[in-house]
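Visitor: sequence and predicted structure are below.
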Amino acid sequence: MIGLGAWGAFRVWRGGLAEDRWFLRACVAMGPAGFVSVVAGWTVAEVGRQPFVIYGVLRTADAVFADHQGRGLGVAAGVHGRLRPDLRLRRLYILRLMNAGPVAGAEAEPPAAPRPPGYALAAAPREPEDRS
């Protein structure tokens, strides 16, 4: 994933990111990498705990860490319970803004000399030349 990000940054720097067919194919192939990395991390954590259980040093029931799991579940439930009302309010606010429509006079004048397409600030007004 890091290599693909570096490749993409290089293509942006050199130009022609959207025309690089191999980069775009690599992006599609990288799609399930996040899921694979999460499953691999879970597997490493579980396998790292199991040698003690296998050799008879620790019972499987003692290897569960139920107390820590309960606390973690409680924290996650609390965070999600706290964020959910905020998300509803944000959605309601955005829907009200969409219903209100554009603000009168909000149309920006086009810049005096247009910038090239694809430029990050192409639609932004230019600063005045005279700074007194």
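Guide: Here it is on my side, so go on. Residues are numbered from 1 along each chain as shown.

Visitor: the spatially closest residue to Ala18 that is not a sequence neighbour is in what secondary structure piece?
Guide: Counting by C-beta to C-beta, 6 or more residues apart in numbering, Ala18 lies nearest to Leu24, which is 7.6 Å off, once chain neighbours are set aside. (C-beta placed from N, C-alpha, C; glycine too.) Following DSSP states H and E, one finds Leu24 within helix 21-29.

Visitor: tell me which helix or strand comes right after that helix.
Guide: helix 33-54.

Visitor: quick one: average confidence on that next one?
Guide: Mean per-residue pLDDT for helix 33-54: 78.

Visitor: now do the buried residues in whichever helix or strand comes after it.
Guide: Where DSSP H and E defines the elements, the next helix or strand beyond helix 33-54 is helix 66-100. Within helix 66-100, no residue is scored as buried using 16 or more other C-beta atoms under 10 Å.

Visitor: show me what helix 66-100 is packed against.
Guide: Where contact means 3 or more C-beta pairs under 8 Å, 6 or more residues apart in numbering; DSSP states H and E, helix 66-100 is not packed against any helix or strand.

Visitor: what is the rounded mean pLDDT of the helix holding Leu24?
Guide: 91.

Visitor: what's the answer for stretch 80-88, then?
Guide: 72.

Visitor: chain neighbours aside, what residue packs nearest to Trp27?
Guide: No, residue 27 isn't Trp; it's Cys. The nearest residue in space to Cys27 (C-beta to C-beta, 6+ apart) is Leu4, at 6.7 Å.

Visitor: understood, closing this out.
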